[in-house]
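> Here's a sequence, model it:
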Amino acid sequence: MLKIFFSGEDILRTRVAPAADPLWELVLSLHRLQARGNDALMSNWRHAVAGGLRRDSSADQHRLLFALNPPRGYFPDFLTPYDSGAGIEAGLEAVRATPAALLHRDVALLAGATVLPSSASALVRGEPEVLRHLTDSMDRYRTLALAPYWPRIQAAVDADRARRARALLDGGVEGLLTSLRPTMRWDAGVLEVLDYPDTRELHLDGRGLLLVPSFFCARTPVALHDPTLPPVLVYPVDRLGGLVPESRPGAGPASTPGGREALAALLGRTRAAVLEATDDGCTTGEVARRLHISPAAASQHTTVLRNAGLLVSQRERNTVLHTLTPLGRAVLDA
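So this is what the prediction gives:
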């Protein structure tokens, strides 16, 4: 179990990352790609990415990247720098700028349990050419494994952020931390990460905690190995039906009044209004109040939309929060 200790100052400084973190998603997706299992939501993605890697003429370029990211156990902290919250380019630049002492420490820890290629020796010395080779392979892998699916990944993270925002508004930071169950438990200033592979403690010491919602995080949340780094806790989100690549680049077109009329004709005016009301997350009671319909009618409409794959519903105590799935977003924006 991992126990994270909060002071009053830490509670004030705890926040949720504003978007999916590109390097955390990259690293954790490498673990999911190599892991054995029968995860139906990931099987199509795994098959597509594995096939793409086999067809990649420069597949050998990824050897060091995969060696640094075994399917389970320790992986180096330097691959997920705090800077990556500002975007992929900032993250890759931070990886290239990793001090040799940190590279030596992280790779030495990994070498105790994993056979590494000969290029790891040059990495330990901090040779710029090897670091650039590594970040080039990270970017190449991202283009294949993440970029086609990124809108879906971000949609799942956005849905989770809407859920956490509601918990924060209703119960403050302690409400936010309580909402992280069942994988975590908040009690009297301590956040316990259940089923964590190691037994350890993390004292925040006034630094606060950055919570990073992640699509590719498996069931157990992940923390950095080095307690002196800015505290980060990556936790899994509801994957909203899995991954399919975007059929067209970029975001969908903005909705037009005619488009909303067509949506009403397709779904029915009330059901279309329910879909629109859940754009930023909405409880069943709020749907009823906004649309001036009964709670029973609101529940019936959200159930139909959920069964059609347009909404995802998550229970928090005695309320149910509804948010759009990527398909629901596409239908609303069509």
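
> What are the phi and psi values at residue 324?
phi -70, psi 140 (degrees, to the nearest 10).

> for residue 84, that is, sorry about that
The phi/psi pair for residue 84 (degrees, to the nearest 10) reads phi -70, psi -10.

> now for the longest helix along the chain, which elements pack on it?
Identified as the longest helix of the chain according to DSSP state H is helix 150-178. The contact analysis (3 or more C-beta pairs under 8 Å, 6 or more residues apart in numbering; DSSP states H and E) places helix 150-178 against helix 8-12, strand 15-16, strand 184-187, strand 210-214, strand 311-316, strand 319-324, helix 326-333. No exception for glycine: its C-beta is placed from N, CA and C like everyone else's.

> now with 6 Å?
Applying 3 or more C-beta pairs under 6 Å, 6 or more residues apart in numbering; DSSP states H and E, we find helix 150-178 packed against strand 319-324.

> Helix or strand: which one has residue 30?
Taking DSSP states H and E as the definition, one finds residue 30 inside helix 22-34.

> That helix versus helix 150-178: what angle between them?
Between helix 22-34 and helix 150-178, the angle comes out at 100 degrees (axes from the mean of the first three to the mean of the last three C-alpha atoms, to 10 degrees).

> for the record, mean pLDDT for helix 22-34?
Across helix 22-34, pLDDT averages out at 95.

> Please apply the same query to stretch 141-159.
90.

> start to end distance for that stretch?
26 Å (C-alpha to C-alpha, to the nearest Å).

> for the residue lying closest to residue 20 once chain neighbours are set aside, what are its contacts?
Nearest non-adjacent residue to residue 20, counting by C-beta to C-beta, 6 or more residues apart in numbering: residue 157, 4.4 Å away. Contact analysis of residue 157 by C-beta atoms under 6 Å, 6 or more residues apart in numbering lists 20, 213, 237.

> pretty sure the second one is touching residue 159, no?
If I follow you right, that is residue 213. No. With contact taken as C-beta atoms under 6 Å, residue 213 and residue 159 are classed as non-touching, separated by 9.1 Å.
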